[in-house]
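1. Need a 3D model of the following:
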Amino acid sequence: MRILYHDASLAVAVKPPGLISERGEGGLPSLLAAELGLREDTVYPVHRLDRVTGGVIAYALNPAAAAALSAAIQAHQMKKTYLAVAMGAPEAETGEWRDLLFWDSRQRRAFVVKRPRRGVHEAVLTFERLAETDGLSLLKLEPLTGRTHQIRVQCASRGLPLWGDRPYGAKKGQSAALWCQRLAFPHPVTGEVMAFEAGPPVREEPWEMFRWSY
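-> Alright, predicted model coming up:
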(Lines give C-alpha, C1' and ligand atoms only; values in the text may rest on other atoms or scores of the structure.)
Protein backbone atom coordinates (compact mmCIF):
# COMPACT_ATOMS: atom_id res chain seq x y z
CA MET A 1 0.00 0.00 0.00
CA ARG A 2 1.10 3.58 -0.54
CA ILE A 3 1.88 5.62 2.58
CA LEU A 4 2.29 9.36 2.00
CA TYR A 5 3.36 10.31 5.54
CA HIS A 6 3.62 8.97 9.06
CA ASP A 7 5.00 9.99 12.42
CA ALA A 8 4.21 9.06 16.03
CA SER A 9 0.78 10.72 15.85
CA LEU A 10 -0.69 10.04 12.44
CA ALA A 11 -0.40 8.23 9.14
CA VAL A 12 -1.65 9.34 5.74
CA ALA A 13 -2.19 6.68 3.10
CA VAL A 14 -3.79 6.14 -0.29
CA LYS A 15 -6.88 3.96 0.00
CA PRO A 16 -7.56 1.64 -2.96
CA PRO A 17 -11.22 1.46 -4.05
CA GLY A 18 -12.98 -1.63 -2.72
CA LEU A 19 -11.48 -1.60 0.78
CA ILE A 20 -13.32 -0.44 3.87
CA SER A 21 -11.73 2.47 5.71
CA GLU A 22 -12.91 1.32 9.15
CA ARG A 23 -11.46 -1.43 11.33
CA GLY A 24 -12.38 -4.96 10.35
CA GLU A 25 -11.10 -7.94 8.45
CA GLY A 26 -9.43 -6.77 5.26
CA GLY A 27 -9.91 -3.12 6.19
CA LEU A 28 -7.34 -0.44 5.59
CA PRO A 29 -6.44 -0.02 9.32
CA SER A 30 -5.25 -3.62 9.53
CA LEU A 31 -3.17 -3.26 6.35
CA LEU A 32 -1.73 0.02 7.55
CA ALA A 33 -0.88 -1.48 10.95
CA ALA A 34 0.91 -4.39 9.31
CA GLU A 35 2.88 -2.07 7.06
CA LEU A 36 3.98 0.12 9.99
CA GLY A 37 4.57 -2.73 12.43
CA LEU A 38 1.75 -1.65 14.76
CA ARG A 39 -1.25 -3.32 16.39
CA GLU A 40 -4.51 -2.68 14.58
CA ASP A 41 -6.10 -1.28 17.73
CA THR A 42 -3.53 1.55 17.71
CA VAL A 43 -4.73 2.78 14.30
CA TYR A 44 -7.71 5.09 14.87
CA PRO A 45 -10.09 5.96 12.01
CA VAL A 46 -11.09 9.63 12.36
CA HIS A 47 -12.89 10.06 9.04
CA ARG A 48 -13.99 7.69 6.31
CA LEU A 49 -14.19 7.09 2.61
CA ASP A 50 -16.92 4.91 1.10
CA ARG A 51 -15.82 1.41 0.14
CA VAL A 52 -16.10 2.36 -3.55
CA THR A 53 -14.04 5.53 -3.09
CA GLY A 54 -10.27 5.65 -3.29
CA GLY A 55 -7.78 8.35 -2.41
CA VAL A 56 -6.06 10.14 0.43
CA ILE A 57 -7.07 9.22 3.98
CA ALA A 58 -5.61 9.96 7.42
CA TYR A 59 -5.48 7.88 10.60
CA ALA A 60 -4.49 8.82 14.14
CA LEU A 61 -1.97 6.59 15.88
CA ASN A 62 -2.81 7.36 19.50
CA PRO A 63 -5.90 8.51 21.45
CA ALA A 64 -4.70 12.12 21.87
CA ALA A 65 -4.13 12.49 18.14
CA ALA A 66 -7.52 10.91 17.43
CA ALA A 67 -9.21 13.45 19.72
CA ALA A 68 -7.35 16.35 18.12
CA LEU A 69 -8.16 15.28 14.56
CA SER A 70 -11.80 14.64 15.47
CA ALA A 71 -11.97 18.15 16.93
CA ALA A 72 -10.47 19.56 13.74
CA ILE A 73 -13.15 17.80 11.71
CA GLN A 74 -15.90 19.19 13.95
CA ALA A 75 -14.41 22.66 13.46
CA HIS A 76 -14.43 22.15 9.65
CA GLN A 77 -10.63 22.33 9.55
CA MET A 78 -10.20 19.14 7.54
CA LYS A 79 -10.61 19.96 3.85
CA LYS A 80 -11.16 17.30 1.17
CA THR A 81 -11.02 17.72 -2.58
CA TYR A 82 -12.46 14.96 -4.77
CA LEU A 83 -12.30 14.09 -8.44
CA ALA A 84 -15.29 12.36 -9.99
CA VAL A 85 -16.32 11.24 -13.46
CA ALA A 86 -20.01 11.89 -14.07
CA MET A 87 -22.38 10.63 -16.74
CA GLY A 88 -23.24 13.91 -18.44
CA ALA A 89 -22.07 17.36 -17.39
CA PRO A 90 -23.41 20.25 -15.31
CA GLU A 91 -24.39 23.26 -17.40
CA ALA A 92 -22.36 25.68 -15.30
CA GLU A 93 -18.59 25.46 -15.18
CA THR A 94 -18.57 26.16 -11.42
CA GLY A 95 -21.17 26.43 -8.71
CA GLU A 96 -22.53 25.31 -5.37
CA TRP A 97 -25.11 22.62 -4.66
CA ARG A 98 -27.29 22.63 -1.54
CA ASP A 99 -29.64 19.78 -0.76
CA LEU A 100 -31.47 18.15 2.12
CA LEU A 101 -30.39 14.51 2.45
CA PHE A 102 -32.01 11.61 4.22
CA TRP A 103 -30.05 8.44 4.91
CA ASP A 104 -32.17 5.28 4.68
CA SER A 105 -30.38 2.71 6.83
CA ARG A 106 -32.50 -0.18 5.49
CA GLN A 107 -31.68 0.53 1.85
CA ARG A 108 -28.21 1.88 2.72
CA ARG A 109 -28.77 4.79 0.37
CA ALA A 110 -29.13 8.53 0.67
CA PHE A 111 -32.02 10.46 -0.87
CA VAL A 112 -32.58 14.13 -1.64
CA VAL A 113 -35.78 15.33 0.04
CA LYS A 114 -37.68 18.61 -0.11
CA ARG A 115 -38.51 19.33 3.53
CA PRO A 116 -36.66 19.11 6.84
CA ARG A 117 -37.68 16.32 9.18
CA ARG A 118 -36.06 13.98 11.62
CA GLY A 119 -32.95 12.40 10.12
CA VAL A 120 -32.65 15.00 7.35
CA HIS A 121 -29.46 17.06 7.12
CA GLU A 122 -28.25 19.79 4.80
CA ALA A 123 -25.51 18.86 2.32
CA VAL A 124 -23.39 21.51 0.62
CA LEU A 125 -20.59 21.21 -1.91
CA THR A 126 -18.85 23.28 -4.54
CA PHE A 127 -18.03 21.93 -7.99
CA GLU A 128 -15.87 22.76 -10.97
CA ARG A 129 -16.20 21.13 -14.39
CA LEU A 130 -12.64 20.39 -15.51
CA ALA A 131 -13.18 18.55 -18.80
CA GLU A 132 -15.74 16.75 -20.98
CA THR A 133 -15.47 13.86 -23.42
CA ASP A 134 -17.77 11.16 -24.88
CA GLY A 135 -20.74 12.16 -22.74
CA LEU A 136 -18.71 12.16 -19.52
CA SER A 137 -17.35 15.03 -17.43
CA LEU A 138 -14.51 15.29 -14.96
CA LEU A 139 -15.55 17.22 -11.86
CA LYS A 140 -13.59 18.66 -8.97
CA LEU A 141 -15.76 18.63 -5.85
CA GLU A 142 -15.23 20.10 -2.41
CA PRO A 143 -17.88 19.05 0.14
CA LEU A 144 -18.50 21.64 2.83
CA THR A 145 -20.46 19.10 4.86
CA GLY A 146 -19.69 15.44 5.50
CA ARG A 147 -22.88 13.52 4.78
CA THR A 148 -22.89 9.82 3.91
CA HIS A 149 -22.82 9.29 0.12
CA GLN A 150 -23.13 13.07 -0.25
CA ILE A 151 -21.26 13.52 -3.51
CA ARG A 152 -22.80 10.44 -5.07
CA VAL A 153 -26.41 11.40 -4.36
CA GLN A 154 -26.01 15.11 -5.05
CA CYS A 155 -24.62 14.31 -8.50
CA ALA A 156 -27.21 11.61 -9.21
CA SER A 157 -30.13 13.84 -8.16
CA ARG A 158 -29.11 16.26 -10.93
CA GLY A 159 -29.07 13.56 -13.60
CA LEU A 160 -25.29 13.19 -13.30
CA PRO A 161 -24.66 9.80 -11.67
CA LEU A 162 -21.02 8.92 -11.26
CA TRP A 163 -19.61 6.49 -13.78
CA GLY A 164 -19.94 2.99 -12.34
CA ASP A 165 -22.17 4.03 -9.42
CA ARG A 166 -25.01 1.64 -10.19
CA PRO A 167 -26.85 2.10 -6.84
CA TYR A 168 -27.35 5.72 -7.89
CA GLY A 169 -28.32 5.17 -11.50
CA ALA A 170 -25.17 4.69 -13.58
CA LYS A 171 -25.50 2.36 -16.56
CA LYS A 172 -21.78 1.81 -17.23
CA GLY A 173 -18.95 0.51 -15.06
CA GLN A 174 -18.94 -1.50 -11.87
CA SER A 175 -17.59 0.90 -9.24
CA ALA A 176 -18.12 4.61 -8.68
CA ALA A 177 -15.48 6.86 -10.23
CA LEU A 178 -14.85 8.93 -7.11
CA TRP A 179 -11.43 9.75 -5.70
CA CYS A 180 -10.22 11.89 -2.79
CA GLN A 181 -7.39 13.77 -4.48
CA ARG A 182 -6.35 16.16 -1.71
CA LEU A 183 -6.60 16.21 2.08
CA ALA A 184 -5.55 19.15 4.28
CA PHE A 185 -5.75 19.44 8.07
CA PRO A 186 -3.82 20.77 11.10
CA HIS A 187 -1.26 18.40 12.60
CA PRO A 188 -2.73 17.00 15.85
CA VAL A 189 0.35 18.03 17.88
CA THR A 190 1.95 21.05 16.20
CA GLY A 191 -1.15 22.58 14.62
CA GLU A 192 0.75 23.08 11.36
CA VAL A 193 -1.56 22.78 8.37
CA MET A 194 -0.50 19.79 6.29
CA ALA A 195 -1.72 18.91 2.79
CA PHE A 196 -1.38 15.67 0.84
CA GLU A 197 -2.29 14.79 -2.73
CA ALA A 198 -2.54 11.62 -4.81
CA GLY A 199 -4.11 11.13 -8.21
CA PRO A 200 -6.49 8.39 -9.34
CA PRO A 201 -5.29 5.30 -11.26
CA VAL A 202 -4.83 6.90 -14.67
CA ARG A 203 -4.52 3.58 -16.51
CA GLU A 204 -7.97 2.43 -15.39
CA GLU A 205 -11.26 3.47 -16.96
CA PRO A 206 -12.73 6.00 -16.88
CA TRP A 207 -9.80 7.94 -15.39
CA GLU A 208 -7.66 7.16 -18.43
CA MET A 209 -9.97 9.34 -20.53
CA PHE A 210 -9.04 12.41 -18.45
CA ARG A 211 -5.43 11.69 -17.58
CA TRP A 212 -4.25 15.10 -18.87
CA SER A 213 -6.98 17.07 -17.11
CA TYR A 214 -5.93 16.95 -13.44
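2. Could you use CA atoms for every contact and neighbour count after this?
-> OK.
3. mind giving me the domain split of the protein?
-> Annotated domains of the chain cover 2-78+186-198, 82-178 [automatic domain parsing].
4. what's the closest of these to residue 212?
-> domain 82-178 (9.6 Å; CA to CA).
5. got the end-to-end distance for the closest one?
-> Start-to-end span of domain 82-178 (CA to CA, to the nearest Å) is 7 Å.
6. Show me what the top strand by length along the chain packs onto, helices and strands only.
-> In the chain, with assignment by DSSP state E, the single longest strand is strand 120-133. Identification of packing neighbours for strand 120-133 by 3 or more CA pairs under 8 Å, 6 or more residues apart in numbering; DSSP states H and E yields strand 94-104, strand 136-143.
7. Direction included, what does it pair up with?
-> Paired strands of strand 120-133, with direction, are strand 94-104 (antiparallel), strand 136-143 (antiparallel) (DSSP bridges).
8. before we move on, the earlier item: to residue 187, which of the helices and strands packed on strand 120-133 lies closest?
-> Residue 187 lies closest, by CA to CA, to one member of those: strand 136-143, at 20.6 Å.
9. tell me the mean pLDDT for that closest one?
-> Strand 136-143 comes out with an average pLDDT of 98.
10. Enumerate the positions of stretch 91-100 that are buried.
-> Buried residues in stretch 91-100, defined by neighbour count with 16 or more other CA atoms under 10 Å: 99-100.
11. can you pull the contacts of residue 84?
-> The contact partners of residue 84, by CA atoms under 8 Å, 6 or more residues apart in numbering, come to 138-141, 162, 177-179.
12. For those residues, which single residue is the most surrounded?
-> residue 162 (31 neighbours; other CA atoms under 10 Å).
13. ok now do it, which residues does it touch?
-> Contact analysis of residue 162 by CA under 8 Å, 6+ apart lists 84-87, 152, 155-156, 168, 170, 176-178.
14. Dump these into CSV; add distance to residue 73 and pLDDT as well.
-> What follows is those, written out as CSV (distance: CA to CA, whole Å; pLDDT from 0 to 100):
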residue, distance to residue 73, pLDDT
84, 22, 98
85, 26, 98
86, 27, 97
87, 31, 97
152, 21, 97
155, 23, 98
156, 26, 97
168, 27, 96
170, 31, 93
176, 25, 94
177, 25, 97
178, 21, 98
